[in-house]
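Peer 1: Have a look at this prediction, sequence included:
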Amino acid sequence: MENNNEPRRRGKGGRPTKIDTVSHPVMVRFTDVEYARFMTLFEQSGVTAKAIFIKARIFNDTFRVIKTDRGTLEYVAKLTQFHAQFRAVGTNYNQVVKELHTHFSEKKVLALLYKLEKITAELAAIGQQIIALSEDFKQRW
């Protein structure tokens, strides 16, 4: 039987205590200009929390500054889209040549292929210009 006069022992609830607790808060006040500069540096750092950023600055920890150039991102996105379209043109080119040989006479096929060849040469010249621009871009950045 249990004695009702003795208090029951219960385990300590909650999460386990940390070994090195953070128990010394420090407050910093900025002017509007200082805060704007602080936020600019904080956003460039890519750190997720302001406290971590401030600690890194105070204790001279190294951190990365990530700068994104909108023009570069747009250039790469457009180049990727263009590459996908270029591949689609190549696939369509093969299908067109097959269909020409299947449905038209030899003389008509040669005339149409001549036109297609001229357009393909123009497309190849544009592709060379894109490659040159990409190499120039790569050397700059």
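Peer 2: Yes, it's here.
Peer 1: Where does pLDDT dip in the chain?
Peer 2: Applying pLDDT under 70 to the chain picks out residues 1-4, 6-9, 11, 63-68, 141.
Peer 1: For the protein, which segments are assigned as helices?
Peer 2: For the chain, helices defined by DSSP state H occupy the ranges 32-45, 50-58, 70-103, 106-140.
Peer 1: Indicate which one of the ones you listed is closest to residue 14.
Peer 2: Proximity to residue 14, assessed across the helices of the chain by Cβ to Cβ, is greatest for helix 50-58 (23.2 Å). Yep, even glycine has a C-beta here, placed from its N, CA and C like the rest.
Peer 1: now that closest one: how far from the chain's centre is it?
Peer 2: In this view, helix 50-58 has its centroid 25 Å away from the chain centroid, taken as Cα atoms, centre = their mean, to the nearest Å.
Peer 1: if we can go back for a sec, just so I know, which of the helices of the chain lies nearest residue 21?
Peer 2: Closest among the helices of the chain, once you apply Cβ to Cβ, is helix 50-58, at 14.8 Å.
Peer 1: Now do the closest one against helix 32-45, angle only.
Peer 2: In terms of direction (axes from the mean of the first three to the mean of the last three Cα atoms, to 10 degrees), helix 50-58 departs from helix 32-45 by 90 degrees.
Peer 1: Give the buried residues for helix 50-58.
Peer 2: Of all the residues in helix 50-58, those buried under the rule 16 or more other Cβ atoms under 10 Å are residue 53.
Peer 1: ok so, going back, TSV please, covering the helices of the chain and showing distance to residue 19.
Peer 2: Listed next are those as TSV, based on distance: least, Cβ to Cβ, whole Å:
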stretch	distance to residue 19
helix 32-45	28
helix 50-58	18
helix 70-103	44
helix 106-140	50
